[in-house]
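Engineer: fold the following for me, if possible:
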Amino acid sequence: MPMVSTPGCTLYAESFGMSEDPALLLISGLGSQVTSWPIEFCEAFVDRGFFVIRFDNRDVGLSTSFKDGSQYTLSDMADDCVAVLGFFEVDQAHVMGSSLGGMIAQTLTIDHPEVVLSLTSYISSTGNPEYHRVTDEARDALLLWDPTSREEAVEFGLVGKSIWGTEDAWSTEEYSAFLADNFDRSPPRGGSARQYLAIDRSGNRDELLANVSTPTLVIHGGADPLIDPMGGRRTAEVIPNASYVEIEGMGHDLPITEWPQIVSLVTSHAAQAVSR
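Structural biologist: From the prediction side, this is the model:
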């Protein structure tokens, strides 16, 4: 089992494809394990010529679980990304982060611009509270997430998915199995709450992102109730020369119906970035 040692924690990581190909680092969202990037999604990028890396963020999955009261920031989580890349002997990578992962990817680009060939910020925001609007229903469902059994993990997960998932793009049976498998792989241990505090602790990145010169693509769902589309639009607005794509009807997830478009967008973005 590939484990990456860092000064602050140990991280589970894995790769797909040939190491000599351009690297694509995928960074997961709040409380999400590597499984949030399905193997088939990763292999779609391998087919496009990428060496794909995915990993469990600190405090989730098979990576180090912290204790209540532990404090860390998005910069610490960005440092984790550098350690993961180093483990695979990757000096530079294209980076795609989803939700919290998008915030980590933005911070990685700010703190370590030399390692980021291109940035894709997916269903995320800059941390500016004026542009990070969450519906009451979505917030309430997010706060429910503290399952102590497989049954609760499935129950709570289905409630959340019904609120922020893309309509008609998932099945109850398949998503229930996904939730149960994730619980078996690694039951939640309070990491989501500590990761959420890391977001608050890290603040608004608007001013820092205004100095980013890394080629940036922002993708957001037009029907996202967890991070309002204005969060994505703001991200593209503050990062110089960023491109913005809003997918109509998409919620706060990675719907299989949109994989071809998303893979194509990220692939084209990466190609343009290296040709500049």
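
Engineer: and Leu11, what does it touch?
Structural biologist: 3-4, 55-58, 63-64, 80, 83-84 (Cβ atoms under 8 Å, 6 or more residues apart in numbering). All C-beta spots, glycine's among them, are computed from the backbone N, C-alpha and C.

Engineer: if you set the cut-off to 6 Å instead, what comes out?
Structural biologist: Contacts for Leu11 (Cβ atoms under 6 Å, 6 or more residues apart in numbering) come out as 4, 55, 63, 80.

Engineer: what residue ranges in the stretch 101-250 of the chain score low on pLDDT?
Structural biologist: 143-145 (pLDDT under 70).

Engineer: how about the strands in it?
Structural biologist: Applying DSSP state E, counting those that start in this stretch to the stretch 101-250 of the chain gives strands spanning 116-122, 216-221, 243-247.

Engineer: just the helices in the stretch 1-150 of the chain please.
Structural biologist: Along the stretch 1-150 of the chain, counting by DSSP state H, counting those that start in this stretch, helices occupy 39-47, 74-87, 100-111, 136-143, 150-164.

Engineer: deepest-packed of the ones you listed, please.
Structural biologist: helix 100-111 (a mean of 26; mean count of other Cβ atoms under 10 Å).

Engineer: counting contacts, what elements does that one pack onto?
Structural biologist: For helix 100-111, the elements it packs on are strand 23-27, helix 74-87, strand 93-98, strand 116-122, judged by 3 or more Cβ pairs under 6 Å, 6 or more residues apart in numbering; DSSP states H and E.

Engineer: who wins for proximity to Glu155 among the ones you listed?
Structural biologist: strand 93-98 (23.5 Å; Cβ to Cβ).
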